[in-house]
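# my questions are about this predicted structure, shown below with the sequence.
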2 protein chains.
Amino acid sequence: MSFEKEELEFLKKYDKNAFERCSMTADILIVSISNEESDNYRKNEKKRMSILLVKRTDFPYKGKWCLPGGFLDVTKETLEECAKRVLKAETNLQDIFLEQLYTFDGVNRDPRMRVISTAFVALVDKALLKEKVENASWFDIMEWKETKNKFELLLQNNSETILLDFDKKLKNSTSSNYEYISTNKNNLAFDHDIVIAQGLTRLRGKVSYTDIVFNMMPKYFTLKELQQVYEIILNKKLLDPAFRRIIANKVIKTKKMKTGEGHRPSYLFQYRGNE
Amino acid sequence: MSFEKEELEFLKKYDKNAFERCSMTADILIVSISNEESDNYRKNEKKRMSILLVKRTDFPYKGKWCLPGGFLDVTKETLEECAKRVLKAETNLQDIFLEQLYTFDGVNRDPRMRVISTAFVALVDKALLKEKVENASWFDIMEWKETKNKFELLLQNNSETILLDFDKKLKNSTSSNYEYISTNKNNLAFDHDIVIAQGLTRLRGKVSYTDIVFNMMPKYFTLKELQQVYEIILNKKLLDPAFRRIIANKVIKTKKMKTGEGHRPSYLFQYRGNE
DNA sequence: TGAATAGTGTCTGTGAGACAATATTAT
DNA sequence: ATAATATTGTCTCACAGACACTATTCA
């Protein structure tokens, strides 16, 4: 019997259910930037990070907020394709920055059965979003307090406030990987609070050594707007001259200007992209 | 009917098989450092990175080398626990640095059925490894050539040489995430060639801003040995004074020395750890 | 005109890169 | 003595941090 034939034979007899199988989902942390109107016509708008949550309409966790997500179609989809499908359904957006974050696999994270979830981070420019989606809502990150052992997030939409509160623990002293342990105050569905903590942490970590911020920017922006986005994500003030030096070769100055702001207008820039 | 009761009812009726389920595995890229004897008694040993591969004894890919891995026991294990179990079986080591790398989920990556694999990276000190494991072998990385669009690895054990050759493509111009497309020259089982490329790239990336290197070091080491490990992983020469400045507060100088080398002996250091 | 932001000039200190000089061992 | 590595000293240059100064708009 030839080797190939032998292998075919093997595959034909193979029992898929020799090991119990499990369900998979793709969940997405969709992050964007929102603008808060200022009281003073002269002052610039205040920016915040915001994330998209959807309200569960079914058990389990009926009525709780959670990340957009969906079951993987095992017969034909990759996880990323699954995530894109969900993204399209929730935001009607395609061709968006999407990156695999982590696979969450606690044995009892879903009361129905063993469900393993691969989480993604998506970054979008909110300006591209038109329609309001049923059961979905943007929550602004009003507060992000972090210490050596604590992680606290305050989320807020028009009518609700959600506090996420974690204990942080280093997984290994040689690495900077943290484990987030949610306190009982948290009340998002599943372990999505942890996905959020981990996703935002990843975002903060990558901002300094990549250009991912530009995925959240409109085509034209002022340098101050860009700086503000960096400041929110990094959670620290940056000095104007230093920021401009660093960012200079990543952007292109246009002849357009942002005017009518009650103060000196500023030039609009766009992302230069690679080479 | 109360809310809780309603939910219990729901869970009881829930059909796990409403969506087709899939199998999961944990695969591990185990990385270590090997020493190559020098011809000249005065000269220091040459170091290389090496990874552990096992030879498949069954279909599919019978006879091919692949990463150690195993099916997830869906009823009780997490993926990390599964990886630890495999690690114990392959190396008889516990309490080793282990970090989730990425989840690989190509629809046809396994000819038997849909199998999704979460890959881990493990770093070990080869000195701790005693027993030789059946069907397993360390492959040294003899060459790692990388350009903008290419990625090439040359693996070698006592008797075999394996070339891995990829095209590199940026997934997104704003991030530094690459997709690796294996050319037909590659012949490891499954998509494990890509796991290796991605894992080693992650390792290189994290070396500069973490202390993970120390997971591959023995308890006592000279600064030159440590420097060599950094040099191999980063693939560039470092200047002695600069390296010593950077590393100074991460290590503790002991009174022990490494002697008998045909040249000036050097102090042995150990990892300082956190705080 | 004044409030507010836009944008630039320049000094300083830190730290990496580079090279040189000195120290110490086994054969 | 010599080959080889270990270890340290120090100069320079780039660049981030800090602060000050000038420019420009709109009510």
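Thanks, I have the structure now.
# number of nearby residues for the closest residue to DNA strand D within the stretch 1-150 of chain A?
Of all residues in the stretch 1-150 of chain A, the one sitting closest to DNA strand D is A:Tyr41 (5.9 Å; C-beta to the nearest atom of the strand). Placement of C-beta: from N, CA and C, glycine included. Burial of A:Tyr41 is recorded as 9 neighbouring residues (other C-beta atoms under 10 Å in any protein chain shown).
# what's the neighbour count on the residue nearest to it when sequence neighbours are not counted?
Among residues not flanking A:Tyr41 along the chain, A:Gly262 sits closest, at 5.1 Å (C-beta to C-beta, 6 or more residues apart in numbering or on different chains). A:Gly262 has 10 neighbouring residues, counting by other C-beta under 10 Å.
# now do the SS call for A:Gly262.
Of the three states, A:Gly262 takes coil according to DSSP: H, G, I helix; E, B strand; the rest coil.
# and the gap between the closest residue to A:His263 other than its chain neighbours and chain B?
Residue nearest to A:His263 in three dimensions, not counting chain neighbours: A:Arg42, with 5.8 Å by C-beta to C-beta, 6+ apart. Going from A:Arg42 to chain B by C-beta to the nearest C-beta, to the nearest Å gives 33 Å.
# same check, this time on A:Leu239
In terms of C-beta to the nearest C-beta, A:Leu239 sits 23 Å off from chain B.
# now that residue: how far from A:Gln227?
From A:Leu239 across to A:Gln227, the span is 9 Å (C-beta to C-beta, to the nearest Å).
# give the buried residues for stretch A:185-193.
A:Asn186, A:Leu188, A:Ala189, A:Phe190, A:Asp191, A:His192, A:Asp193 (16 or more other C-beta atoms under 10 Å in any protein chain shown).
# what distance separates the start and the end of that stretch?
Its first and final residues considered, stretch A:185-193 spans 11 Å by C-alpha to C-alpha, to the nearest Å.
# how far does that stretch sit from its chain's centre?
How far stretch A:185-193 lies from its chain's middle: 16 Å, per C-alpha atoms, centre = their mean, to the nearest Å.
# show me the contact partners of it.
Residues outside stretch A:185-193 that contact it (C-beta atoms under 8 Å, 6 or more residues apart in numbering or on different chains): A:27, A:53, A:56, A:60-61, A:64-67, A:104, A:106, A:109-110, A:117, A:162-166, A:180, A:182, A:196.
# ok so, going back, tell me which of the buried residues of stretch A:185-193 fall in helices.
Among these, DSSP state H puts A:His192, A:Asp193 in helices.
# nearest to DNA strand D among the buried residues of stretch A:185-193?
A:Asp193 (31.6 Å).
# pLDDT value on that closest one, please?
For A:Asp193, the pLDDT comes out at 98.
# and it, how far is that from DNA strand C?
34 Å (C-beta to the nearest atom of the strand, to the nearest Å).
# and if you look at A:Ser38?
From A:Ser38 to DNA strand C the distance is 8 Å (C-beta to the nearest atom of the strand).
# for that residue, give me its contacts.
Counted by C-beta under 8 Å, 6+ apart, A:Ser38 has contacts A:Asn44, A:Glu45, A:Lys46.
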